[in-house]
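# Return atomic coordinates for the entry below.
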Amino acid sequence: MLENDGKTFFHMSFANRNLEEKAKLLQRDWVAPGIGDVGAHVSMIMDADWATFTLNHWVKKEGLLTLEDAIAKMTKKAARAINLNDRGELSVGQKADINVFDLDRVSHCQPEVVRDFPLGKTRLIQRSEGYLATLVNGAVMQEEGEHTGATPGRVIRGNR
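As a prediction, the model looks like this:
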């Protein structure tokens with residue numbers, strides 16, 4: 001608290017707090033880690049770092065998943081679970097958004113409160129480090145954690 005003018009956040013999982021049980025689940029072939037909140041509680045809950053946590057904790061720290069298995073679970077298995085069969089792997093004919101990262105540098109930062117919603121309303125954001133670029137539909141959307149201004153994505157509704 002003293003090091004950052006009282007801007008410290010205290011983190012607490014509000015569900016599935018037992019990491020040993022999570023480890024057992026993650027080892028199952030049919031499990032794909034992820035969060036499905038889609039920003040419904042952006043002023044109260046910060047769960048955007050689940051992918052970074054997966055890479056940091058389950059791949060780097062615990063060695064529970066290989067990097068390849070973690071990526072497959074977060075991409076292909078997750079896409080198949082929601083019937084997006086044209087995504088989740090880098091191959092001809094597939095749609096692919098790509099994150100380029102340096103696994104040694106991947107880490108999450110403290111959540112922050114920002115007032116950038118209409119009428120000055122707040123939301124929580126959480127930056128991360130080690131992600132070099134994010135490409136969406138072939139366009140670089142983010143470089144070194146900064147948005148490039150490109151907005152090549154679109155909302156997907158159902159299995160369309």
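
# which residues of this protein score low on pLDDT?
Scanning the chain for pLDDT under 70 picks out 11-15, 36-38, 158-160.

# quick one, strands of it?
Remark: strands assigned in the chain by DSSP state E are 98-101, 107-108, 112-114, 123-125, 128-129, 131-136, 139-143, 146-147.

# Export these to a markdown table and append columns for mean neighbour count and distance to Ile35.
The way it works is simple: take the backbone N, C-alpha and C, and place the C-beta from them, glycine included. Listed next are those as a markdown table, based on neighbours: other Cβ atoms under 10 Å; distance: least, Cβ to Cβ, whole Å:
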| stretch | mean neighbour count | distance to Ile35 |
| --- | --- | --- |
| strand 98-101 | 15 | 16 |
| strand 107-108 | 17 | 14 |
| strand 112-114 | 12 | 19 |
| strand 123-125 | 15 | 14 |
| strand 128-129 | 16 | 15 |
| strand 131-136 | 17 | 17 |
| strand 139-143 | 15 | 19 |
| strand 146-147 | 9 | 21 |
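
# How about the residue nearest the centre of the chain, nearest residue that isn't a chain neighbour?
Residue closest to the average C-alpha location in the chain (Cα atoms, centre = their mean): Ala51, at 3.8 Å. Of all residues beyond its chain neighbours, the one nearest Ala51 is Met74 (5.8 Å), with distances taken as Cβ to Cβ, 6 or more residues apart in numbering.

# Same question for Glu112.
Ile125 (5.4 Å).

# in the lengthiest helix in the chain, what's buried?
Scanning the chain for the helix with the most residues, using DSSP state H, yields helix 19-26. Within helix 19-26, the residues that count as buried by 16 or more other Cβ atoms under 10 Å are 22, 26.

# follow-up on the earlier one: my read is that the residue nearest to Glu112 contacts Gln110, right?
No - the criterion here is Cβ atoms under 8 Å, and Ile125 misses it with Gln110 at 10.3 Å.

# just to revisit the earlier point, give me the contact list for the longest helix of the chain.
Residues outside helix 19-26 that contact it (Cβ atoms under 8 Å, 6 or more residues apart in numbering): 16, 31, 33, 57-58, 62, 64-65, 73.

# next one: stretch 121-132
42-46, 48-49, 52, 99-117, 142-145.
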